[in-house]
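Peer 1: Mind folding the following:
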Amino acid sequence: MIGEIDVRAVLSRSVCEFHSDLVTRSTGRAVRDGIEAHLQEHPDITIVVLDFSAVRVLDCSCADEIVAQLLLRSEPGDGSGRGTYFLVRGLDEVHADQIDEVLRRHRLALVAEERDGAKRLLGWVTDFMRAAWERVVSRGSAVPEELAVELSWP
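Peer 2: Numbers count the residues shown, from 1 in each chain. From the prediction side, this is the model:
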């Protein structure tokens, strides 16, 4: 199931009703705790859309505490491959830069949907990954074996 989380609303509930800036590590931790609590209440959600549309400022420490830490904690420990998957939405260029930087440091990546609806990868991505992503985006979908042939992968 897909769940959408308004990050500004979580900030309002977790820290301050009148805040729209995500700055300081402690603020990021409080917002992440709020998101994790929501996900625990809704265990059927496996795809999470984090909506940053109403967030005015996002600094690197908050990007790390919210986005990178959620991704790091989302991998299943049981080997099932059934983790929680994240997409971020409503980013402006400054938000995207902050998230991209922290994801690169952790060697993580995710899909970002920009305000105009375009999708792009943020974070640590190899040339092979980027080529596969671009092919899937241009085609709309892809079968792994066909993608490997098209990209001349072994």
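Peer 1: Longest helix in this protein, please.
Peer 2: helix 25-41 (DSSP state H).
Peer 1: gap between that helix and the chain center?
Peer 2: Helix 25-41 sits 14 Å away from the centroid of its parent chain (Cα atoms, centre = their mean, to the nearest Å).
Peer 1: following that helix, which helix or strand comes up?
Peer 2: Using DSSP states H and E, the helix or strand that follows helix 25-41 in sequence is strand 47-51.
Peer 1: What is that next one packed up against?
Peer 2: strand 2-6, helix 7-14, helix 25-41, strand 85-91 (3 or more Cβ pairs under 8 Å, 6 or more residues apart in numbering; DSSP states H and E). Using the backbone N, CA and C atoms, a C-beta is placed for each residue, glycine as well.
Peer 1: Buried residues in the longest helix of the chain, which are they?
Peer 2: For helix 25-41, a neighbour-count test (16 or more other Cβ atoms under 10 Å) marks 27, 28, 29, 30, 31, 32, 34, 35, 39 as buried.
Peer 1: Any figure for the gap between the fourth one and residue 114?
Peer 2: This points to residue 30. 27 Å (Cβ to Cβ, to the nearest Å).
Peer 1: and if you look at the first one?
Peer 2: Here the distance between residue 27 and residue 114 works out to 24 Å (Cβ to Cβ).
Peer 1: Please name the residues that touch residue 72.
Peer 2: Contacts for residue 72 (Cβ atoms under 8 Å, 6 or more residues apart in numbering) come out as 106, 108.
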